[in-house]
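# A predicted structure for the sequence below; I have some questions about it.
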Amino acid sequence: MRILRFQSQGFRNLRPGELLLPSGITALVGKNAAGKTNLLEALYLASGGELRGAAAERVAFGEREAWIAAELEGLLGRYRLEQRISPEGRALRLNGAPASFRELAGLPGAVWLRPEDLAIVKGAPEDRRRFLDALIARFSPRYRVLQSAYERALRQRNAALKAGGRGVEPFSEQVALYGAEILRLRRRMVQRLRPLAAELFRALALGELWLGLVETAAPERLREKLFERLPEELERGVTLSGPHRDDLALRLDGRDAVRFASRGEARTVALVLRLAEHRLLEEHHGEPPVLLLDDVVAELDETRQRALLAHIRGVEQAVVTATHEPVGVDRVVRIEAGAWEVSRA
């Protein structure tokens, strides 16, 4: 899939404008705070990406709403997505007709490496769980329903524990049922992700990356574990076993990346995880998503820049941001104060 034409008006820190995007690698080049990340986020949302945080934060100061639109081309042909973003949320029109975001589930969309992705490596376990859960949800719309059911049962179980344990058993059964399925799906995803991430990391960083799961209980033992730890849980008023307490393990050359990776290494790991996500989605949909890489080039030396660009050369469409023109890109778009123009095509 690729973006043919992008338009926006009233989007945070962006001037109204239109951008034509060809195949290949486009670099958005500008100084810090020039609007590169805002444009990349707008491209991500315009291709059907999930909104994180409050919708109102995407509306420019003094405007009531933002409007973005993209003409997209993929295996299903050409289509146009228009979105209005306001404090009330996002409203979508697909080929001129009102639509829901569920209708976009069958599209590859975009994969976006953002600066905040450093938290996948250096942040708390919940940051790694969030990455893994969001990834699984892109392959299984049912996964979000499963997560919601688990979180509801977990809240009810914790409330019963705080109340002295009365009525805790039915909620324990639900936590065990939904939690075991979540754990199995996480295991399957990590099994698919592990070899791809290892291959990509060797190509970019000349080292060994290993992924695994740190589980408080195996899927088949979660129910048993909940009842084993019930006395401790009653004392503390919280559920101590289940997918909400687990972690994604990341090891670099045998070392715990969370504790010992440098900032540059952590950024490379985050990049590799997004590239692996991109590869899995391409296999799943039969066509690649748009690849959006925010400020990653500056973290890599020239050798690794060339390795990265050689890797994404086979991608249908990629957009990278940088403060200086990267080597080996097909097109350069200069951006300043939220306005952009093509400087090299």
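That came through fine.

# how about the strands of the stretch 201-345 of the chain, start to end?
209-214, 247-252, 255-256, 290-293, 317-322, 331-336, 339-344 (DSSP state E, counting those that start in this stretch).

# who does Val111 bridge with?
Applying DSSP bridges to Val111 gives these bridge partners: Leu291.

# so who does it touch?
Neighbouring residues of Val111 by Cβ atoms under 8 Å, 6 or more residues apart in numbering: 274, 277-278, 281, 289-292. In this view, the C-beta of every residue, glycine as well, is placed from N, C-alpha and C.

# tell me the one of those nearest Asp330?
The nearest member of the contacts of Val111 to Asp330, counting by Cβ to Cβ, is Leu291 at 13.3 Å.

# next, count neighbours for Arg52.
Using other Cβ atoms under 10 Å, the number of residues around Arg52 comes to 13.

# work out for me the element it sits within.
For Arg52, there is no helix or strand it lies in under DSSP states H and E.

# over to it: give its phi and psi.
When read as degrees, to the nearest 10, the backbone of Arg52 gives phi -110, psi 130.

# need the distance between the two termini of stretch 210-220.
Stretch 210-220 has its terminal residues 24 Å apart, counting by Cα to Cα, to the nearest Å.

# coming back round to it: looking at the contacts of Val111, which one is closest to Glu41?
Using Cβ to Cβ, Leu292 comes nearest to Glu41 of the contacts of Val111, at 8.6 Å.

# quick revisit: just put the contacts of Val111 in a markdown table and tack on distance to Lys162, pLDDT and neighbour count.
Output for the contacts of Val111, formatted as a markdown table (distance: Cβ to Cβ, whole Å; pLDDT from 0 to 100; neighbours: other Cβ atoms under 10 Å):
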| residue | distance to Lys162 | pLDDT | neighbour count |
| --- | --- | --- | --- |
| Arg274 | 39 | 97 | 22 |
| Glu277 | 38 | 97 | 22 |
| His278 | 43 | 97 | 24 |
| Leu281 | 41 | 96 | 20 |
| Pro289 | 43 | 96 | 28 |
| Val290 | 46 | 97 | 28 |
| Leu291 | 46 | 97 | 22 |
| Leu292 | 43 | 97 | 26 |
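
# turn the strands of the stretch 201-345 of the chain into TSV, columns for distance to Thr303.
Below are the strands of the stretch 201-345 of the chain laid out as TSV (distance: least, Cβ to Cβ, whole Å):
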stretch	distance to Thr303
strand 209-214	18
strand 247-252	18
strand 255-256	22
strand 290-293	17
strand 317-322	16
strand 331-336	21
strand 339-344	23
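
# did I read that right, Arg184 in a helix?
Yes. Assigned with DSSP: H, G, I helix; E, B strand; the rest coil, Arg184 falls within a helix.

# is it possible to export the contacts of Val111 to a markdown table including distance to Leu300?
Below are the contacts of Val111 laid out as a markdown table (distance: Cβ to Cβ, whole Å):
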| residue | distance to Leu300 |
| --- | --- |
| Arg274 | 14 |
| Glu277 | 19 |
| His278 | 17 |
| Leu281 | 23 |
| Pro289 | 22 |
| Val290 | 21 |
| Leu291 | 16 |
| Leu292 | 17 |
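
# which one of those is nearest Arg186?
Nearest to Arg186 among the contacts of Val111, with distances taken as Cβ to Cβ, is Glu277, at 14.5 Å.

# that closest one: what's it in contact with?
By Cβ under 8 Å, 6+ apart, the contact list for Glu277 reads 111, 135, 138, 193.

# please check those residues and keep the buried ones.
Buried members of the contacts of Glu277, counted by 16 or more other Cβ atoms under 10 Å: 111, 135, 138, 193.

# which SS state does the third one fall under?
So that's Arg138. helix.

# just checking, it touches His278?
No. The criterion here is Cβ atoms under 8 Å, and Arg138 misses it with His278 at 10.8 Å.

# quick check: Glu50 is in a helix.
No. Counting by three-state DSSP, Glu50 falls outside a helix, being coil.

# chain neighbours aside, what residue packs nearest to it?
Nearest residue to Glu50, sequence neighbours excluded (Cβ to Cβ, 6 or more residues apart in numbering): Ala134, at 7.4 Å.

# and the gap between that neighbour and Gln174?
In this structure, Ala134 and Gln174 are 23 Å apart, going by Cβ to Cβ, to the nearest Å.

# ok, Val296 next?
41 Å.

# show me which of the two is the more surrounded one.
Val296 (23 against 17).

# list the contacts for Tyr143?
Tyr143 makes contacts with 133, 136-137, 182, 185, as judged by Cβ under 8 Å, 6+ apart.

# quick check: the farthest pair among these?
Using Cβ to Cβ, those span at most 11.1 Å, a distance reached by Ala137 and Ile182.

# now do the shared contacts for those two.
143, 147.

# is Asp330 in contact with Leu21, as I believe?
No. Counting by Cβ under 8 Å, Asp330 does not reach Leu21; the two are 10.7 Å apart.

# the two: which is more packed in?
More crowded of Asp330 and Leu21, by other Cβ under 10 Å: Leu21, with 19 against 15.
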